[in-house]
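# Here is my input, please return the structure:
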Amino acid sequence: MAQAVAWELVRQAAAGQADARRALVEATLDDLWALAMRLVRRQDEAETIVQETYARAFAALGGLTPAGRFEGFLARVATNLVLERWRRRRPTADVSEVDAASSDAEPWQTAADKEEHGRLLAAAWQAIQDLSPEPRAAMLLFYAQEQSCRQVAEVMDVPVGTVKTWLHRARNQVRQDAERILHGSGAAQP
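As a prediction, this is how the structure comes out:
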């Protein structure tokens, strides 16, 4: 985002001004869409997350106090929606995405190198999918969205220390589970 949304615009939108609501959406849509796509990796689900985020955000506008950034509030709403979905159902790794990523190999790589790279990506992605929802969201926000631990903590509404703990444990768990998957021991044990 080029600049933070002014709280005056939020106040006007809370008062029901259609132009202010439209301006809020225009100012935040690109970043909210990017976050939703990083978290769910499917266009149809991202569209649903974005729509539901705005619906919940506009319903809560009257109760917001001007603290922090409005964009952070939207990110927290979107992340909470994704976490709710993950709690209801655990998604599986989309191997077609891994195959597409592995096809971007360097020209000097052999077919065996490309295949091994694809196996590594698939194992790592499956290990990430097997994490519990909160550590998985923290990893995606930190690594995929390149947010700082402080920003992740704000979005997830937890202390920074909790985010750091989740990231540390999640990295170790992903490493162990990916090795287990690669060496044929099957899925990770709970």
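
# Could I get the pLDDT score of the most centrally placed residue in the chain?
Geometric centre of the chain, nearest residue: residue 39, 3.0 Å, by Cα atoms, centre = their mean. Note for residue 39: predicted pLDDT of 84.

# I'd guessed it sits against residue 136; true?
No - taking Cβ atoms under 8 Å as the definition, residue 39 is not a contact partner of residue 136, at 9.2 Å. For every residue, glycine as well, the C-beta is placed using N, CA and C.

# Might you report the residue contacts of the closest residue to residue 156 other than its chain neighbours?
Nearest non-adjacent residue to residue 156, counting by Cβ to Cβ, 6 or more residues apart in numbering: residue 79, 6.1 Å away. When contacts are counted by Cβ atoms under 8 Å, 6 or more residues apart in numbering, residue 79 touches 35, 39, 137, 141, 155-156.

# Determine the set of other helices and strands touching the helix or strand containing residue 176.
Here residue 176 sits within helix 160-182, counting by DSSP states H and E. Helix 160-182 sits against helix 111-129, helix 133-139, helix 149-156, with contacts defined as 3 or more Cβ pairs under 8 Å, 6 or more residues apart in numbering; DSSP states H and E.

# Same question for the first one: list its buried residues.
Of all the residues in helix 111-129, those buried under the rule 16 or more other Cβ atoms under 10 Å are 117-118, 121-129.

# Nearest to residue 44, out of these: which one, please.
Nearest to residue 44 among those is residue 129, at 18.4 Å by Cβ to Cβ.

# Wait, the closest one touches residue 136, no?
Yes - applying Cβ under 8 Å as the test, residue 129 and residue 136 come out as touching, 7.4 Å apart.

# Flag the shaky bits of the protein, pLDDT-wise.
1-4, 89-109, 111-113, 185-190 (pLDDT under 70).

# mind giving me the domain split of the chain?
7-88, 95-182 (automatic domain parsing).

# Any idea how far apart the tips of the first one sit?
This means domain 7-88. 34 Å (Cα to Cα, to the nearest Å).

# coming back round to it: for residue 10, find the nearest of the helices and strands packed on helix 160-182.
helix 149-156 (16.9 Å).

# which residues sit against the closest one?
68, 72, 75-76, 79, 134, 137-138, 141-142, 147, 159-160, 162-164, 167.

# What residues of it count as buried?
Neighbour-count burial for helix 149-156 [16+ other Cβ under 10 Å]: 149, 151-156.

# Is residue 67 in a helix, a strand, or coil?
Three-state call for residue 67 (DSSP: H, G, I helix; E, B strand; the rest coil): coil.
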